[in-house]
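Trainee: Requesting a structural model of the entry that follows:
(one chain, ligands or ions: 3)
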Amino acid sequence: MISKMDIQNSMIQAVETVRKENPMAGSITNTVTINFVANAQLAVGGSAAMVYLPDEGEFLAKNGGATYINVGTLLPVYEDTLPHTAKILQEMKKPWVLDPVAVGIGSLRTQLLRQFKEYKPTVIRGNASEILALAGLWGLDGGTKLSNVRGVDSMDSVSAARNAAIALARWTGGAVAVSGETDLITDGSVVVLSHGGSHFMEKITGAGCALGGVIAVYATAASPFIAALTGTAVFNLAGSRAEKKVEGPGSFQVHFLNELYKASAEDIANNPFEIEEA
Ligand SMILES: Nc1ncnc2c1ncn2[C@@H]1O[C@H](COP(=O)(O)OP(=O)(O)O)[C@@H](O)[C@H]1O
Ligand SMILES: Cc1ncsc1CCOP(=O)(O)O
Ligand SMILES: [Mg+2]
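Mentor: Ligands and ions are numbered 1, 2, ... in the order given. Reported below is the predicted structural model:
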């Protein structure tokens, strides 16, 4: 099994490369949290661009280092934009992150998320309910019926989504990050549990979306697994630091962005985590 020190060295390298190179990670994401996603990407050292149209998704897929696709609020044009962009990303072997927000609501969302099975997202990032439901939609081990999903918030524990996450990672050959009080990241052979964060992250909208965008930034400079873990670790570190300074969710968002910006590569790599066999 890969050693903790090797993982930490790779995380440090990912953080430093991103801060030095300011890589572009374009997004097709929801209209609720689009601004927070871009701000989080900038805070860790990336460059952001958000688009809606098929030819613009194609442009970012071809010219960016990685792409973030989040299905939170779908528009009719996404029936063309999302498969078109995902197909190019797969053909060009470019990293991309899928956030299957609210999988199970509506026919277009179901159709698009089903199609993504063949395009094999490099990283899948979601809360526990979304990971369980996506594995169910794709007919993989550990998945559940879509009827368990209520909306964008999780109804399940992270540990309940462990087998689904492993099955999804084995199908894509990439990584899966399941968010919650303790986060779980897997590449299908090892499972990492990452600690920290804040209860205020459940009281603001967009913590999960921003995490997906930041993982895409790190995916420009690291393997899917290291990108997923590094993004999760910086969120857990910044979340726990911000919580100490605030009395509510409004100011939490501001301090959280500051802490993303200030976190050192060593502190991110030293944020508590443990490794297990999958
Ligand atoms: N109760 C909690 N305690 C600490 N961190 C949390 C908690 N809930 C969520 N987080 C953090 O918030 C971020 C978003 O996770 P989550 O709320 O599960 O995603 P989503 O917004 O997609 O439902 C992750 O970085 C996760 O670690
Ligand atoms: C509230 C909401 N509704 C559609 S997308 C969205 C944002 C979800 O953000 P997150 O998954 O990060 O909580
Ligand atoms: Mg979410």
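Trainee: From here on, just use CA atoms for contacts and neighbour counts.
Mentor: Noted.
Trainee: thinking Ala210 is in contact with Gln41, fair?
Mentor: Yes. Between Ala210 and Gln41 there is a contact under C-alpha atoms under 8 Å: 7.4 Å.
Trainee: Who has more neighbours out of these two?
Mentor: Gln41 (31 against 23; other C-alpha atoms under 10 Å).
Trainee: Regarding the more buried one, what is its secondary structure?
Mentor: Look at Gln41: counting by DSSP: H, G, I helix; E, B strand; the rest coil, its state is helix.
Trainee: which ones are touching it?
Mentor: Ser47, Ala48, Ala210, Gly213, Val214, Val217 (C-alpha atoms under 8 Å, 6 or more residues apart in numbering).
Trainee: Go through those and flag which are in strands.
Mentor: Using DSSP state E, Ser47, Ala48 are the members of the contacts of Gln41 that sit in strands.
Trainee: Pick out whichever of the contacts of Gln41 sits closest to ligand 2.
Mentor: Comparing the contacts of Gln41 against ligand 2 with C-alpha to the nearest ligand atom places Ala210 closest, at 6.5 Å.
Trainee: and the residue nearest to that closest one when sequence neighbours are not counted, how many neighbours?
Mentor: Using C-alpha to C-alpha, 6 or more residues apart in numbering and skipping the chain neighbours, the partner closest in space to Ala210 is Val37 (4.1 Å). Per other C-alpha under 10 Å, the neighbour tally for Val37 reads 25.
Trainee: Between all of the contacts of Gln41, which two are at the greatest distance?
Mentor: Ser47 and Ala210 (13.3 Å; C-alpha to C-alpha).
Trainee: Common neighbours of those two, please.
Mentor: Common neighbours of Ser47 and Ala210 (C-alpha under 8 Å, 6+ apart) are Ala38, Gln41.
Trainee: Any residues of the stretch 101-250 of the chain in contact with ligand 2? List them.
Mentor: Val101, Val152, Thr205, Gly206, Ala207, Gly208, Cys209 (C-alpha under 6 Å from any ligand atom).
Trainee: For Thr67, which three-state class applies?
Mentor: strand.
Trainee: which residues does it bridge with?
Mentor: Gly26, Trp96 (DSSP bridges).
Trainee: show me what contacts it?
Mentor: Counting by C-alpha under 8 Å, 6+ apart, Thr67 has contacts Ala25, Gly26, Ser27, Ile28, Leu60, Ala61, Pro95, Trp96, Val97, Ala216.
Trainee: Which parts of the stretch 151-278 of the chain are helices?
Mentor: Per DSSP state H, counting those that start in this stretch, the stretch 151-278 of the chain carries helices over the ranges 162-172, 207-219, 224-243, 249-262, 265-270.
Trainee: Please identify which of those helices is closest to ligand 1.
Mentor: Per C-alpha to the nearest ligand atom, nearest to ligand 1 of these: helix 207-219, 3.5 Å.
Trainee: Just put the helices of the stretch 151-278 of the chain in TSV and tack on mean pLDDT.
Mentor: Compiled in TSV, the helices of the stretch 151-278 of the chain are given as follows (pLDDT from 0 to 100):
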stretch	mean pLDDT
helix 162-172	98
helix 207-219	99
helix 224-243	98
helix 249-262	98
helix 265-270	98
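Trainee: most neighbours per residue, which of the ones you listed?
Mentor: Highest mean neighbour count of those: helix 207-219, a mean of 30 (counted as mean count of other C-alpha atoms under 10 Å).
Trainee: what's it in contact with?
Mentor: 14-15, 18, 23-25, 27, 33, 36-38, 40-41, 44, 46-47, 65-68, 70, 95-99, 125-127, 179, 201, 226-228, 230-232, 235.
Trainee: Pull the number of nearby residues for the nearest residue to Gly206 once chain neighbours are set aside.
Mentor: Among residues not flanking Gly206 along the chain, Thr33 sits closest, at 5.2 Å (C-alpha to C-alpha, 6+ apart). If you count neighbours by other C-alpha under 10 Å, Thr33 ends up with 18.
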